[in-house]
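Engineer: What follows is a protein structure lacking sequence information:
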């Protein structure tokens with residue numbers, strides 16, 4: 001599929017999905033830094049406290065790695081926005097720099113990293129499943145809210161999800177590697 005055709009599909013999807021309302025704005029707001037980052041901060045604090053309490057070697061590393069990943073988001077997203085210089089949807093004022101979505105990336109990393117940090121501490125499969133479903137629902141909600149409100153094209157959101165999938169996979173691999181090498185007192189449960 002050519003880039004022009006992909007952008008045509010993106011514009012058609014946007015036209016079909018845009019329906020600015022209060023609910024879509026509330027969903028989009030879940031991707032704001034003042035909402036998503038405090039959720040991650042609470043998870044960072046809790047996990048750090050638990051690791052320190054049980055005497056985990058380098059107890060500060062899991063939370064620090066997640067915090068660094070969150071700090072990496074603007075360092076990656078802003079240059080991509082400048083490089084692509086994509087205009088916004090017809091709903092927003094004329095401007096460029098909408099691709100990829102920073103709100104989507106903020107939500108994906110904040111909620112995703114929080115979930116990855118908390119997952120090993122949950123003792124039941126139901127609790128782990130509920131955490132992952134909640135994380136996915138929050139991120140889908142943010143993406144849907146941004147597109148329905150008209151703040152972003154669907155591809156802006158999908159691009160951020162792709163970028164953040166790579167980043168969260170790297171965090172997950174790092175945390176799993178630490179656990180396999182005995183650096184953590186918490187063990188993943190089947």
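Structural biologist: Here it is on my side, so go on. None of these values were measured; they are calculated from a predicted model. Residues are numbered from 1 along each chain as shown.
Engineer: Which residue, neighbours along the chain excluded, lies closest to the most centrally placed residue in the chain?
Structural biologist: Centroid-nearest residue in the chain, with C-alpha atoms, centre = their mean: residue 108, separated by 0.7 Å. Nearest non-adjacent residue to residue 108, counting by C-beta to C-beta, 6 or more residues apart in numbering: residue 164, 3.6 Å away. In short, each C-beta sits where N, CA and C put it, glycine included.
Engineer: Kindly report the same for residue 141.
Structural biologist: Nearest non-adjacent residue to residue 141, counting by C-beta to C-beta, 6+ apart: residue 27, 4.4 Å away.
Engineer: Distance of residue 88 relative to residue 149?
Structural biologist: Plainly put, residue 88 is 12 Å away from residue 149 if you go by C-beta to C-beta, to the nearest Å.
Engineer: How about residue 76?
Structural biologist: 24 Å.
Engineer: The two - which one has more neighbours?
Structural biologist: residue 149 (24 against 18; other C-beta atoms under 10 Å).
Engineer: Tell me how many other residues crowd the residue nearest to the more buried one when sequence neighbours are not counted.
Structural biologist: Distances taken as C-beta to C-beta, 6+ apart place residue 24 nearest to residue 149, at 4.4 Å, with adjacent residues excluded. Around residue 24 there are 21 other residues, counting by other C-beta under 10 Å.
Engineer: that's a helix at residue 24, yeah?
Structural biologist: Yes. Membership of residue 24 in a helix is supported by DSSP: H, G, I helix; E, B strand; the rest coil.
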